[in-house]
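*Asks:* what follows is a protein structure lacking sequence information:
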């Protein structure tokens, strides 16, 4: 790893083994892109407006919709840390009606599904979201879903393998 990449990666993005997470090791083949990716993606995880739990519902559902096991596995770990149960995480791989989601959670799942299906949130879903979220939060919700859709496609295309101790798909 070059000194430039080590500087960009800094701390806090390593696997339990102390090595860079595979996603960052892969993006590091393009150091300038890695630097900008770290700032942009890091904003959502560290300085965003959205509550962590709700953000993770969107990311996990997008990861599932895109069939990105890496994305889903990494965010299973993050989702658990921010209050999602393993039962809820598993439910994000199923039809929204198969779990007793709150209205607020259900509409986030609908947003994720609709954006992944045709790159647009329906008028009905948008109206429901607009009752719960302000304009800045709505912008962030759409950007989070889009960002993790892009990341999922990158991970799938590049064949990025799961990091050690990272779960794959739920077993049920």
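*Replies:* It's in. Every value quoted in this text rests on a predicted model; they were computed, and no experiment measured them.

*Asks:* summarise which helices and strands the lengthiest helix in the chain is packed against.
*Replies:* Looking across the chain with DSSP state H, the single longest helix is helix 135-158. Helix 135-158 sits against helix 22-27, helix 31-46, helix 52-65, helix 69-81, helix 103-118, helix 123-132, with contacts defined as 3 or more Cβ pairs under 8 Å, 6 or more residues apart in numbering; DSSP states H and E. From N, CA and C alone the C-beta is placed, and that goes for glycine too.

*Asks:* tell me which of those helices sits nearest to residue 170.
*Replies:* Residue 170 lies closest to helix 69-81 among the helices and strands packed on helix 135-158, at 8.0 Å (Cβ to Cβ).

*Asks:* would you mind pulling the contact partners of the helix or strand just after the closest one?
*Replies:* Where DSSP states H and E defines the elements, the next helix or strand beyond helix 69-81 is helix 86-91. Under the contact criterion Cβ atoms under 8 Å, 6 or more residues apart in numbering, helix 86-91 has outside partners 57, 60, 76, 79-80, 98-99, 101, 170, 172.
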